[in-house]
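S.K.: Mind looking at a prediction? Sequence and model below.
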Amino acid sequence: MPIYEYECACCGREFETLVRKSSPPPECPGCHGIELRKKLSAFAAIMGAASAHAELPAPCRSCGNPGGPGACGFNAHQQ
């Protein structure tokens, strides 16, 4: 069951919701609007032991963000 990210066209609120085939169309939890824009989400997948130990680019390994590689969202090492 996928979790989708949406932005409400009425109030601008961003939210995530679990969408099932049997579910009614999602609505904004803030204003209950139904004019929603589905956002493009990034995901991560580890396919096996080899993927888990793959080399990351130097900026991601060295940022030190506790959220993990690339969590800082910007590359401070390139100008």
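M.R.: It's in. This is a predicted model, so every value here is computed, not measured.

S.K.: Check the gap between residue 24 and residue 3 for me.
M.R.: To residue 3, residue 24 is 16 Å away according to C-beta to C-beta, to the nearest Å. All C-beta spots, glycine's among them, are computed from the backbone N, C-alpha and C.

S.K.: and what of residue 16?
M.R.: In terms of C-beta to C-beta, residue 16 sits 5 Å off from residue 3.

S.K.: Do you have the strands of the chain handy? List them.
M.R.: Using DSSP state E, the strands of the chain run over residues 3-8, 14-18, 36-38.

S.K.: Mind giving me the packing neighbours of the first one?
M.R.: Applying 3 or more C-beta pairs under 8 Å, 6 or more residues apart in numbering; DSSP states H and E, one finds that strand 3-8 contacts strand 14-18, strand 36-38.

S.K.: Next: the last one.
M.R.: Packing partners of strand 36-38 (3+ C-beta pairs under 8 Å, 6+ apart): strand 3-8.

S.K.: Next, the angle strand 14-18 makes with the strand it packs on.
M.R.: 140 degrees (axes from the mean of the first three to the mean of the last three C-alpha atoms, to 10 degrees).

S.K.: list the contacts for the closest residue to residue 25 other than its chain neighbours?
M.R.: Ranked by C-beta to C-beta, 6 or more residues apart in numbering and with sequence neighbours excluded, the top spatial neighbour of residue 25 is residue 34, at 6.2 Å. When contacts are counted by C-beta atoms under 8 Å, 6 or more residues apart in numbering, residue 34 touches 25, 26, 27, 28.
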